[in-house]
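**Student:** turn this into a structure:
(one chain, ligands or ions: 1)
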Amino acid sequence: MTPDAARAPAAGRPPLHILMHPADNVAIVANDGGLGPGSVLSTGLVLREKVPQGHKVALVDIPEGGAVRRYDVPIGYALKDIPAGSWVHERLLRLPEARRLEDLPMATRGATAVEPLHGYTFEGYRNPDGSVGTRNILAITQSVQCVAGVTRFAVERIKALLLPKYPNVDDVVALEHAYGCGVAIDAPDAVIPIRTLRNISLNPNFGGEVMVVSLGCEKLQPERLLPPGSIPIADARGEDAGLDVVCLQDEAHVGFLSMVDSIVRQAEVHLERLNRRRRETVPASELVVGVQCGGSDAFSGVTANPAVGFCTDLLVRAGATVMFSETTEVRDGVAQLTARAATPELARAIVREMAWYDEYLKRGSVDRSANTTPGNKKGGLANIVEKAMGSIVKSGSVPITGVLAPGEKATHKGLYYAATPASDFICGTLQLAAGMNLHVFTTGRGTPYGLAEVPVIKVATRSDLARRWHDLMDLDAGSIAEGRATIEQVGWELFRLMLDVASGRRRTWAEQWKLANQLVLFNPAPVT
Ligand code: CA
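**Tutor:** Next comes the predicted model:
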């Protein structure tokens, strides 16, 4: 496929519909702008009314109470008779009950061996503990939100005065967050935000150069955040791993600028060491990829997410680590996931995480159906079941060999279910904590999402979005819907793009514009 072909106008194309499974009784309309009444599909079916792009058309008469099937599952039940050729929108469907978490198929597919994929490498920063970074960043950890303004001021000064002296360092980033004080820090669930913050500080992109800015009186004391021996990269370097803390309430500080000077002075020690890092050729197995989607539409599950799923299989075959997340968006596919778990123990861990999340939602008097947005529905997704079936395909087809609770760090290679909320910012933050060194994000409605800590590759589900947001989207998967490329072709294109981005040979659009969303910690525990 040539770039010109990707940009060719879609107008004047014959009516195009996409069927996901032969047993489905709805298909989606693929044409830009949708199709008007009287349009004739290739099957001979005549549309009774306008069906917007990405929305569903009934292929047969569906009686009241009948199942509406897509991806070969009932995504809902008809609230009234739906004649063939009608627009099947969310107001016509009743949401199915959530799958019970009992009597699930547990590890029934077993630990089937994947066919190895050899010969792929990238240029990365090898850390002394064996982990590999894709960027060389000084990250300044904060133990509490109180210090955010001072740290931000200091970071601006470091960027202006010091960074030009250390050309091998890509950036200086403050790990700003809302946690640290005014929270019930001994509540059982407080472990989640605390380990998240700890594990983010240890992300391979930061080279083990951990420094902390603390206020002094906060609940989350630096030693609780990063206890002795918790920095494996520094330990592997054989250093005295005493924690490097700048405490603003220290009596040594007289005035604001004294605090800033302390932070800048300490930062320089780390910058000197980071500047000595060099990229070296490492196998593709050193990638730790977090996949997620945001601003989804009905094409997400047809184009971009299946291409990501194909790429997930390539990565795992190459020995890499891939994590998929977004619990509410995989909850309706729980039986597929437990079946794909490599062992019964992993299947039970999946159930444990889903049950915890069901309970968490129940405490807030909602359920998984609270997930979908007005934009999802406008994009053709009727409800959470349909969204989930399109979301889960990002996980590919390989066995699941790891399960992480929110904020935990991946410890081995293979495919992980890293349980996180579907919220883009919280999911990205938790995947950073899990050790992600590259992020892949699919979007149908469009989002300028980015992170300062790792490169984010954004994949558009539709060519129309890729054309309009040509300087925000890194890859166009819409070519799949228009028949100009296959899922396999786009999957390979993404795989190669990932190796280029990981190597620093290519920067993502979000990096070029310096678009970065804030870290958002998941704190299910009470605040005080
Ligand atoms: Ca998301």
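
**Student:** going by C-alpha atoms from here, please, whenever you check contacts or count neighbours.
**Tutor:** Noted.

**Student:** excluding its backbone neighbours, what's nearest the most centrally placed residue in the chain?
**Tutor:** Closest to where the C-alpha atoms of the chain average out (C-alpha atoms, centre = their mean) is Q292, at 3.0 Å. Spatially, and ignoring its direct neighbours in sequence, Q292 is nearest to F441 (5.1 Å; C-alpha to C-alpha, 6 or more residues apart in numbering).

**Student:** wait, does the helix or strand encompassing that neighbour make contact with the ion?
**Tutor:** In this structure, F441 sits in strand 438-443 according to DSSP states H and E. No: applying C-alpha under 5 Å from the ion, one finds strand 438-443 separated from the ion by no less than 8.3 Å.

**Student:** given that strand, what are its sheet partners and their directions?
**Tutor:** strand 288-293 (parallel), strand 456-460 (parallel) (DSSP bridges).

**Student:** can you name the residues that contact the closest residue to W469 other than its chain neighbours?
**Tutor:** In this structure, W469 finds its nearest non-sequential neighbour in G446, 8.0 Å apart by C-alpha to C-alpha, 6+ apart. Applying C-alpha atoms under 8 Å, 6 or more residues apart in numbering, we find G446 in contact with 294-295, 460, 465, 469.

**Student:** export these as TSV, with columns for pLDDT, distance to the ion and secondary structure.
**Tutor:** Output for the contacts of G446, formatted as TSV (pLDDT from 0 to 100; distance: C-alpha to the ion, whole Å; DSSP: H, G, I helix; E, B strand; the rest coil):
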residue	pLDDT	distance to the ion	secondary structure
G294	94	4	coil
G295	92	8	coil
A460	98	14	strand
L465	96	18	helix
W469	98	19	coil
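
**Student:** now the buried members of those residues.
**Tutor:** 294-295, 460, 465 (16 or more other C-alpha atoms under 10 Å).

**Student:** enumerate every residue touching the closest residue to K378 other than its chain neighbours.
**Tutor:** Leaving aside its chain neighbours, K378 sits nearest to D297 (7.9 Å; criterion: C-alpha to C-alpha, 6+ apart). Applying C-alpha under 8 Å, 6+ apart to D297 gives the contacts 54, 375-381, 443-445, 461.

**Student:** keep only those of those residues that are in helices.
**Tutor:** Counting by DSSP state H, the contacts of D297 place 375-378 in helices.

**Student:** between these, which sits nearest the ion?
**Tutor:** N376 (11.8 Å; C-alpha to the ion).

**Student:** show the contacting residues for the closest one.
**Tutor:** Contacts of N376 (C-alpha under 8 Å, 6+ apart): 295-298, 382, 445.

**Student:** return the distance of it relative to H412.
**Tutor:** 35 Å (C-alpha to C-alpha, to the nearest Å).

**Student:** now do V246
**Tutor:** For V246, the distance to H412 - C-alpha to C-alpha - is 34 Å.

**Student:** so these two - more neighbours on which side?
**Tutor:** V246 (20 against 12; other C-alpha atoms under 10 Å).

**Student:** partners of that one in the sheet?
**Tutor:** V213.

**Student:** pretty sure it contacts V260?
**Tutor:** No: between V246 and V260 there is no contact under C-alpha atoms under 8 Å: 9.6 Å.

**Student:** quick one, what contacts the residue nearest to G65 when sequence neighbours are not counted?
**Tutor:** Leaving aside its sequence neighbours, G65 sits nearest to A78 (C-alpha to C-alpha, 6+ apart; 4.9 Å). When contacts are counted by C-alpha under 8 Å, 6+ apart, A78 touches 62-68, 92-94.

**Student:** got the ones in helices among the contacts of D297 as a markdown table, with distance to E345 and pLDDT columns?
**Tutor:** Formatted as a markdown table, the ones in helices among the contacts of D297 follow (distance: C-alpha to C-alpha, whole Å; pLDDT from 0 to 100):
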| residue | distance to E345 | pLDDT |
| --- | --- | --- |
| G375 | 38 | 92 |
| N376 | 35 | 92 |
| K377 | 37 | 93 |
| K378 | 40 | 93 |
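
**Student:** before we move on, the earlier item: ok, the residue nearest to Q292 - contacts?
**Tutor:** 291-294, 456-459.

**Student:** go with 7 Å
**Tutor:** Contacts for F441 (C-alpha atoms under 7 Å, 6 or more residues apart in numbering) come out as 291-293, 456-459.

**Student:** which one among the residues you listed gets closest to the ion?
**Tutor:** Within those, proximity to the ion (C-alpha to the ion) peaks at C293, which comes in at 4.6 Å.

**Student:** not counting sequence-adjacent ones, nearest residue to the closest one?
**Tutor:** Nearest one to C293, counting by C-alpha to C-alpha, 6+ apart, is T442 at 4.6 Å.

**Student:** after the helix-or-strand element of the chain with minimal mean pLDDT, next one along is what?
**Tutor:** Among the helical and strand segments of the chain, the one scoring lowest on mean pLDDT, DSSP states H and E is helix 3-7, with a mean of 35. Once the chain leaves helix 3-7, the next helix or strand it forms, by DSSP H and E, is strand 17-18.

**Student:** against the ion, how distant is A174?
**Tutor:** 23 Å (C-alpha to the ion, to the nearest Å).

**Student:** surely that residue meets I140?
**Tutor:** Yes: using C-alpha atoms under 7 Å, A174 is in contact with I140, at 4.8 Å.

**Student:** who's more crowded, the two?
**Tutor:** I140 (24 against 21).

**Student:** gap between the one helix or strand that one maps to and the chain center?
**Tutor:** Using DSSP H and E, I140 sits within strand 137-142. For strand 137-142, the distance from its own C-alpha centre to the chain's C-alpha centre is 21 Å (C-alpha atoms, centre = their mean, to the nearest Å).

**Student:** alpha carbons of it, as CSV, please.
**Tutor:** Once non-C-alpha atoms are left out, strand 137-142 reads as follows in CSV (Å, rounded to 0.1, in the frame of the first residue of the first chain):
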residue,chain,number,x,y,z
ILE,A,137,14.7,10.3,30.7
LEU,A,138,15.4,11.9,34.1
ALA,A,139,12.2,11.4,36.2
ILE,A,140,11.8,13.2,39.4
THR,A,141,9.5,11.4,41.8
GLN,A,142,7.2,13.3,44.2
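
**Student:** which one (most neighbours) among the contacts of A78?
**Tutor:** Top of those by neighbour count (other C-alpha under 10 Å): V68, with 23 neighbours.

**Student:** now do the SS call for that residue.
**Tutor:** Secondary structure state of V68, per DSSP: H, G, I helix; E, B strand; the rest coil, is strand.

**Student:** what separation do you get for the closest residue to the ion within the stretch 51-200 of the chain and A67?
**Tutor:** Per C-alpha to the ion, T196 is where the stretch 51-200 of the chain lies closest to the ion, at 17.6 Å. As judged by C-alpha to C-alpha, T196 and A67 stand 42 Å apart.

**Student:** kind regards, and thank you for your time.
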